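Novice: got a predicted structure here, sequence first:
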Amino acid sequence: MLQNSDVAVRIPAQDLSRARSFYSSTLGLDPVEERPGGLRYKCGNSYFVLFQSSGSASGTHTQMGWEVDDIQATVDELRHRGVVFEEYDLPGLKTINGIAEIKGNYPSKGGVGERGAWFKDSEGNLLGIGQPIR
């Protein structure tokens, strides 16, 4: 039942107007649909929703991620737009200039691992970018 259904992510925003501005001017994304308290976005064949929330994101885990063909070009473009990437130096996860190489991650993608980068949006949500290493 669920395995044949699409998934849509929900991302909380304490200030929906501020979040809309960040997603538009910084990430280059504009909503495809609006309703009171919510903005719906389309990326590829997927959707995500920013919704007005009084809660705040912990920012300690990835809440949503994009899979890209060229992570370096994507990181460079987003940096040019003002995105600040997280830097990690943890056992098994070390970023160099904002990008980590993760061996053995998702072998079903047909590769030996993944390259990943993370940043926070205007609301403190931790977002990720990944590129399978083939």
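Specialist: Received it, and whenever you're ready, just let me know what you need. Numbering: from 1, shown residues only.
Novice: how about residue 84, nearest residue that isn't a chain neighbour?
Specialist: In space, residue 84 comes closest to residue 119 once its chain neighbours are excluded; the distance is 6.3 Å by C-beta to C-beta, 6 or more residues apart in numbering. For every residue, glycine as well, the C-beta is placed using N, CA and C.
Novice: remind me which helix or strand the one you found belongs to.
Specialist: Secondary structure here is read from DSSP states H and E; on that basis residue 119 sits in strand 113-120.
Novice: avg pLDDT for that strand?
Specialist: The predicted model assigns strand 113-120 a mean pLDDT of 94.
Novice: can you check stretch 67-76 too?
Specialist: Model confidence over stretch 67-76 averages 96 on the pLDDT scale.
Novice: list of residues touching that stretch?
Specialist: Counting by C-beta atoms under 8 Å, 6 or more residues apart in numbering, stretch 67-76 makes contact with 66, 85, 98, 99, 115, 116, 117, 129, 130, 131, 132, all of which sit outside it.
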